[in-house]
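> Okay, sequence plus prediction incoming.
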Amino acid sequence: MSDIKITKRPIVPYENPDWAMYFHLFQENLLRFFHKKRSYTHNDNHIAKVFSIPQAGLKYQCNELVKYVAEAFDHYAVWDYTHAYYPGRPSQQSARTDAMEGASRLLPTLAAWLYSKGPNESNLALADGRQLSPADIIHAAFLAGTDPNHPGFWGVMHDCDQRICESADLALTLWLSREHVWIRFNHDEQARIVAWFSQVNTLITVDNNWHLFPLTVQFVLKSLAGVDHVDHDKYERIKEFHVGAGWFRDGALGNYDYYNAWGFHYSFYWLDQILPDFDPEFIRGTLAEFVASYRYFFTTQGLPFFGRSACYRLAAAAPLIAAADHGILPPGEVKHAFSSSLSYFISNGALKAGLPTQGVFGCDDRLIDNYSGPASSLWSLRALNMALYCGDRSGLWEAKPLPLPVEQGDFTLAIPAIGLQLQGVRETNEVVALFRFDYTAQQSPLTRRLEQQRWWNRCKEWVIGRAERPKNNLLRKGVTCYTSKMFHFF
C-alpha cells in the first residue's frame, strides 16, 4: 500500500443535489424526452457478424466499427453534432450533460479515423449508402459548441464539472483532426475555441485521474495555439499516484483497477504524442513497467475484470497498443489480445443501438455506475482510437498474431506494488487475479453480492432523470478474486 498525501474531497455538485438542482434535472429530463429518437438498431446484426468471423481482418473490423458508431451518432445528434441523446439509463449529471458525452466521447473516434486516412480520403461510406464527412461534423461541432449564442453551446464550466472531463476528449479531437479541421477556422474562431477550453485552467477537480483532463486540454492548446498554461503541479500530483510497476492508485484512497488502462496510460500516451519532449522517460518508462505484467491478463475469452466502469471494457487493450507503438511489445501479441477482446465482447452482445452497452456484455442495470450515462460507454472506443492512430506505423494491422502468455503455458505472477497475484491455466484458457488485501473489513456474503435497483428508485430515476442506482463496485465490496471467465458478473 502507498503513502500518498490525502486531500479533502471537494464538494461535487451533482453528488449533493438540492431542490433547485432536482428541478433543473427534471427540466433537462423533459428535454431529453423531446429530443430522444428511436433506438438505431439497423446495423446491430451486421457488426455482431463482423466480429464473429475469425477470418475477418482486424483493420476491416475496426473500420466497420467506426462506420457503425458514426452512422448511429449521425442519427442521435442534435444542434450541429454538439450533443447526442442516446438511449439508455441516465447518470447523476443532467440529461444535457449526458447528451454532451454523446458527442465528446464519439468525436475522438472520427478524428482518429481522419488521421489514419490522411488528407486524400475524408468521407466515411456508411452501410446505408450515404457518405459522411467526419471533418465537416467536427468543424460544425466546434463552431456551435463554443458559441454562446448557439443552442448547442457547451456552456460555462464550474468546479468539478463533468464538462472538464469531456473537454479533454474534445481537445484530443481537435488535435487529431488538426490537418483537416483546425486549419479551417479563422483567427476569431480559433480564439473563441481557445477561450472556451481555457476555462479549465482555474477550475478545481477531484484529486485523482481527473488531473489528466485539464492537462490534456493544456497540452493541446500549447501544441495548436502556442498558449502555454500547462499546470506542472497537476502533472507532478498525478505522478505521485504511481506506486510502482507502472500501476497508479486512482487518488490517495482510490482503487487499483482497469482505470490504469483506459484512464492513466491512455491519457499519458496522448500527452506524450502531443508534446513528445515533455516527459518521455516517465511516461514511456511506466508504460513499459505496466505492460510487463498487464499483458498476462488477456485470454481469448475474457479477462479478470475488476473495478468500476465495467462499460469501458472494450478499451482494456489500450496500453498494449501504446506499447506496440513504442516497440515495447511485439505487435503480433498486441493484435491477438486486442482482436480477441473485441470479438469476445462484441460477439456476445456488447454493441447495441449504435454504441457499447451499459454492462459487460449486454446492458446490465447492476453494473451501471451512477456517474455513467447512456453515452458514457463510448469510452470503450479508446483502444480503437489508438489503433486507428498508430496501427499503420506500429505494424498492428499486418502483424501475424502471436500467442498470448496463457496460450503458451501455465504461469504464476506476482505484482507486489498493488498486492495482486495472477495465475494462468493454459488448459482452461483462464487467468485468475487475487488481491492480497481487502478494500473493506465490513463485509458478509450479502454485502458482497451485486444489488438490484429498487423499484421506487427506478421510478424516481425515470421521472427526475438522475441515476438512483446501488453502488456495485465489487472491489469496494470486498471481493478479492476475479477470473477471466467473468462469472462474478453473471
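Looks like it came in fine. Residues are numbered from 1 along each chain as shown.
> gap between the residue nearest the centre of the chain and F51?
Among the residues of the chain, the one closest to the centroid is W379, at 2.6 Å (Cα atoms, centre = their mean). Applying Cβ to Cβ, to the nearest Å, the value for W379 to F51 is 19 Å. C-beta: built from backbone N, CA, C; applies to glycine.
> re the thing from before, correct me if wrong: the residue nearest to the centre of the chain contacts A315.
Yes: counting by Cβ atoms under 8 Å, A315 is a contact partner of W379 at 6.2 Å.
> Overlap of the contact sets of the two?
Shared contacts of W379 and A315 (Cβ atoms under 8 Å, 6 or more residues apart in numbering): W262.
> show me the contacts for the closest residue to K59 other than its chain neighbours.
Excluding its sequence neighbours, the residue lying closest to K59 (Cβ to Cβ, 6 or more residues apart in numbering) is W397, at 4.2 Å. Applying Cβ under 8 Å, 6+ apart to W397 gives the contacts G57, L58, K59, K335, G391.
> Which strand or helix spans the third one?
Same thing as K59. helix 58-76 (DSSP states H and E).
> which element follows that helix toward the C-terminus?
Counting by DSSP H and E, what follows helix 58-76 is strand 77-78.
> Between the contacts of W397, which sits nearest L143?
The nearest member of the contacts of W397 to L143, counting by Cβ to Cβ, is G391 at 30.0 Å.
> isn't there a helix covering the closest one?
Yes: counting by DSSP: H, G, I helix; E, B strand; the rest coil, one finds G391 located in a helix.
> gap between it and K117?
On the measure of Cβ to Cβ, G391 and K117 end up 12 Å apart.
> If you count surrounding residues, which of those two has more?
G391 (25 against 16; other Cβ atoms under 10 Å).
> OK, contacts around that one?
K59, C62, S116, W397 are the contacts of G391 under Cβ under 8 Å, 6+ apart.
> Show the model's pLDDT score for it.
On pLDDT, G391 comes in at 98.
> Tell me which residues of stretch 264-276 come out buried.
Neighbour-count burial for stretch 264-276 flags F264, H265, Y266, S267, F268, Y269, W270, L271, D272, Q273, I274, L275 (criterion: 16 or more other Cβ atoms under 10 Å).
> Once you drop chain neighbours, what's closest to the fourth one?
Using Cβ to Cβ, 6+ apart and skipping the chain neighbours, the partner closest in space to S267 is L212 (4.0 Å).
> Check the model's average confidence along whichever strand or helix holds the one you found for me.
Element membership of L212 [criterion: DSSP H and E] is helix 212-225. Mean pLDDT, helix 212-225: 98.
> count of neighbours near Y86?
Y86: 28 surrounding residues under other Cβ under 10 Å.
> go on, K400?
Other residues lying near K400 total 10 when counted by other Cβ under 10 Å.
> how far away is the residue nearest to I238 when sequence neighbours are not counted from E236?
Counting by Cβ to Cβ, 6+ apart, H211 is the residue found nearest to I238 once chain neighbours are left out, at 4.9 Å. H211 sits 10 Å away from E236, taking Cβ to Cβ as the criterion.
> now the strands for the stretch 51-200 of the chain?
Residue ranges of the strands in the stretch 51-200 of the chain, as given by DSSP state E, counting those that start in this stretch, are 77-78, 83-84, 124-125, 131-132.
> Tell me the gap between the last one and the middle of its chain.
Yep, that's strand 131-132 we're talking about. Distance, stretch centre to chain centre, for strand 131-132: 25 Å (Cα atoms, centre = their mean, to the nearest Å).
> Repeat that for the first one.
When C-alpha coordinates are averaged (Cα atoms, centre = their mean), strand 77-78 and its chain have centres 21 Å apart.
> Looking at the buried residues of stretch 264-276, which is nearest A72?
For the buried residues of stretch 264-276, the nearest to A72 is Y266 (22.8 Å; Cβ to Cβ).
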